[in-house]
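S.K.: Generate a structure from the sequence data that follows.
(one chain, ligands or ions: 2)
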Amino acid sequence: MLENYKSVDPTVSSMIFKAEKENIETVWDRHDAMQPQCGFGETGACCRICWKGPCRVDPLGNGPKVGICGANIDVIVARNLLRSFAVGTSAHTEHARHIAHTLLEVSQGKADAYKVKDKKKLIDVAKRLNLNVENKDTLQIAKEVATTSLEDFGRLDGEYAWANAVLTEKRKEKMKNLGLMPKNLGGTVVDCLSRTHVGSESDPANLLASGARLAIADVAMMAMGTELSDILFGTPTPVMTTSNMAVLKKDAINIALHGHNPLLCEVVCDAASLLNQKAKDAGAKEGINIVGVCCTGNELMERHGVPLATNYLTQELLMVTGAVEAMVVDTQCIMPAIVETASHYHTRIISTLDENKIGGATHVSFHPQTAMQSANKIIELAIEAYANRDDSKVEIPNGAQKAMSGFSYEAIISTLALLNADDPISVLTDNIANGNIQGIVLFGGCNNTKVVHNYNYITMAKELAKKNILVVATGCAVGALATGGLMTQEATLEYAGDTLKEVLTALGDAAGLKGPLPMVLNMGSCVDNTRVVRVCEDAANKLGVDIDKLPIAISAPELMSEKAQIIGTWGVVIGLPTHVGVIPPVTASSFVTNFLTEGAKDLFGGHFIVEPDPLEAVEKINASIQSRRIALGI
Ligand code: NFS
Ligand code: SF4
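M.R.: Ligands and ions are numbered 1, 2, ... in the order given. Have a look, this model is predicted:
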């Protein structure tokens, strides 16, 4: 039955139907055309590292057992994995670097479109980076925060400031003792990549260990990305908004902002409000309607309540509505296919980063110093495109789903403080200890054509909530759980177990919501996973343990990207059971598979749970949570 569905979002299903009718190719058509996918690649048994290859090793059959250079299956799989991790880390790093650099320019008066919006956060961050803030003005502190952050890329002396800021004391000790505490970002990434060069490291255990060091470097960069974004754009607070493809408006110029980095989308929103009248003059009665896609969408949703149209897998389909004037993209998770889809409509695809051009798109070069000019140009292009909209092709689905967003770490702590102002985190840890909340699961990660779009997220979140497990979400999980109606008070009343419902109601009532908090707390974009790490850190400190003892787990039931892979890896390395719902390309090596799913537990306390079936996955995650509760004596 489920095989007949591609997505569980009805607004997506109606666009799939329209795409079929109009003969427009989608990601699912390309997935089907790719079948059967190569078994060597699927299991990680293919090496293309040098030009003697490709080598495909056959661990079970009668084929070769080693590559031409003699690399065995464990080495091949571990090297491939490490390379993916390095790419994921690099992507997070570029994101963080752009923001840190812009903060530096703001402190030097060089980037007019931006300013320090959240001074409190700036001071909090400065202190966490061990900077002295006494007698310094905002711009001076901003300069020191930005400089310290940028130094982390190639720091020669001292400690990796952001890694220091993001880990618990106990975890730092552990990583130092294991020799796996990174010194800086650049050296760690280069070290990992150089190990994988032909004829370099051929010890799979040591390759995997360097992956753990890299994972710490990654979580540090992600924390930098989130925290510096909050300084420039504001720390999110709870906000009501809507989600799914019905957020497009027939009588507006619809601009979809897609990608990851808030530097661009924030300024486009500013420009849109200034040019709204021009849009109306062009005939769009409702002016400009900005909607978000993927993590850019999450950034805008959490800070400004901008509606989130959809997540990764369905980005093309948004244009099939025939009502999108422009899809503006920056970087990461942008399917090259959007250009072909747009060509069937009047939609302009606008790329913006010189280092992330999209073949066939209109490029408007974006730089922080001239951000407003670029944003104005983008809006002008969208207004221009509106003149070419073909009304006969327009079909916007009905029924936007409401959703609450904006649960930053600070927002969660302030909400808990409503019940105990002196010791907010104890509200959470007491309810965990007394069993009202059995544990916490963070949903993150992508969509994948190997899974019915959004199905696993929604199925699992409902089941976990029923078991009184608190669910939080980031990244494309937000798209799934928001469009699935689970970021609402109604969902809490309908699906949460009795004791979880009680706690969420006490908090919601205290916050003046006249009812519970939403069943799923929306913590933002993918980089914002580090907001959850801060909650974990506080809870661990309160309970006097490290994170690896907490009844907290991560689930990425539909993951695909290299970024999501390294996030899952740091989840494990900081001590959390981490579920993945897609079989990773490592199964050709029993050494690597066993390390990830078992061996990692002894070293780090966390491990990977690989389970494609969502209900089985819930059982396995719950079993991990319960065994941690028993170990804690609660
Ligand atoms: Ni995360 Fe966000 Fe989505 Fe996956 Fe891509 S948009 S950063 S990588 S696909 S969750
Ligand atoms: Fe083959 Fe070794 Fe070259 Fe990989 S590095 S392609 S296993 S020869």
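
S.K.: which stretches of this protein have low pLDDT?
M.R.: Along the chain, segments meeting pLDDT under 70 span 1-3.

S.K.: Flag every residue of it that's near ligand 1.
M.R.: Within the chain, the positions adjacent to ligand 1 are 260, 294-295, 311-312, 333, 445-446, 475-476, 526, 561, 563-564 by C-beta under 6 Å from any ligand atom. For glycine as for every other residue, the C-beta is placed from the backbone atoms N, C-alpha and C.

S.K.: Distance check, the closest residue to residue 321 other than its chain neighbours against ligand 1.
M.R.: The shortest distance from residue 321 to any residue other than its chain neighbours is 5.2 Å, reached at residue 396 (C-beta to C-beta, 6 or more residues apart in numbering). Using C-beta to the nearest ligand atom, to the nearest Å, residue 396 is found at 23 Å from ligand 1.

S.K.: Identify the residues contacting residue 396.
M.R.: 245, 246, 248, 249, 250, 321, 323 (C-beta atoms under 8 Å, 6 or more residues apart in numbering).

S.K.: Not counting sequence-adjacent ones, nearest residue to the fifth one?
M.R.: Using C-beta to C-beta, 6+ apart and skipping the chain neighbours, the partner closest in space to residue 250 is residue 396 (5.8 Å).

S.K.: Equivalent analysis for the first one, please.
M.R.: Closest residue to residue 245 in three dimensions, ignoring its sequence neighbours and counting by C-beta to C-beta, 6+ apart: residue 11, at 3.9 Å.

S.K.: Residue 151 against residue 161, yeah?
M.R.: Yes - using C-beta atoms under 8 Å, residue 151 is in contact with residue 161, at 7.3 Å.

S.K.: The two: which is more packed in?
M.R.: residue 161 (21 against 16; other C-beta atoms under 10 Å).

S.K.: Report the contact partners of that one.
M.R.: 129, 130, 148, 149, 151, 152, 155.

S.K.: Weed out the non-buried ones from those.
M.R.: Among the contacts of residue 161, those classed as buried by 16 or more other C-beta atoms under 10 Å are 129, 148, 149, 151, 152, 155.

S.K.: List the buried residues for the longest helix seen in the chain?
M.R.: Ranked by number of residues, the top helix in the chain under DSSP state H is helix 73-107. Going by neighbour count (16+ other C-beta under 10 Å), the buried part of helix 73-107 is 73-86, 88-107.

S.K.: what's the following helix or strand after it?
M.R.: Moving toward the C-terminus from helix 73-107, the next helix or strand (DSSP states H and E) is helix 119-128.

S.K.: chain center to whichever helix or strand comes after that following helix: distance?
M.R.: Remark: after helix 119-128, the chain's next helix or strand is helix 138-151, criterion DSSP H and E. Mean-position distance between helix 138-151 and its chain equals 25 Å (C-alpha atoms, centre = their mean, to the nearest Å).

S.K.: Likewise for stretch 610-627?
M.R.: Worked out by C-alpha atoms, centre = their mean, stretch 610-627 lies 21 Å from the chain centre.

S.K.: For it, buried residues please.
M.R.: 610, 611, 614, 617, 618, 620, 621, 622, 624, 625.

S.K.: In three-state terms, label the last one for me.
M.R.: Okay, so that is residue 625. helix (DSSP: H, G, I helix; E, B strand; the rest coil).

S.K.: Then residue 465 would be within a helix, right?
M.R.: Yes - counting by three-state DSSP, residue 465 is located in a helix.

S.K.: let's number from 24 now, not from 1
M.R.: Understood, numbering begins at 24; the last thing we discussed is residue 488.

S.K.: so who does it touch?
M.R.: For residue 488, the contacting residues are 494, 514, 515, 518, 519, 520, 523, 542, 543, by C-beta under 8 Å, 6+ apart.

S.K.: Let's see that with 10 Å instead.
M.R.: Residues near residue 488 by C-beta atoms under 10 Å, 6 or more residues apart in numbering: 464, 494, 509, 514-515, 517-520, 523-524, 527, 542-543.

S.K.: phi, psi of the nearest residue to residue 440 once chain neighbours are set aside?
M.R.: In space, and not counting its chain neighbours, residue 440 is closest to residue 447: 4.0 Å by C-beta to C-beta, 6+ apart. Dihedral angles of residue 447 (phi, psi; degrees, to the nearest 10) stand at phi -60, psi -40.

S.K.: I'd assumed residue 432 was in contact with residue 447.
M.R.: No - counting by C-beta atoms under 10 Å, residue 447 does not reach residue 432; the two are 11.0 Å apart.

S.K.: buried residues in stretch 487-498?
M.R.: 487, 488, 490, 491, 492, 493, 494, 495, 496, 497, 498.

S.K.: Which member of the contacts of residue 419 is positioned nearest ligand 1?
M.R.: Set against ligand 1, the nearest of the contacts of residue 419 by C-beta to the nearest ligand atom is residue 268 (16.6 Å).

S.K.: these two touch, right, that closest one and residue 345?
M.R.: No - Residue 268 is beyond contact range of residue 345, at 11.6 Å (criterion: C-beta under 10 Å).

S.K.: Pick out whichever of these two has more residues nearby.
M.R.: residue 268 (28 against 22).

S.K.: Phi, psi for that one please.
M.R.: phi -70, psi -10.

S.K.: quick one, what contacts it?
M.R.: 32-35, 37-38, 314, 330, 332-333, 337, 340-341, 343-344, 346-347, 419-423, 506.

S.K.: Give me every residue in this protein lying close to ligand 2.
M.R.: By the rule C-beta under 6 Å from any ligand atom, the part of the chain lying against ligand 2 is 70-73, 75-78, 90-92, 94, 99, 221.
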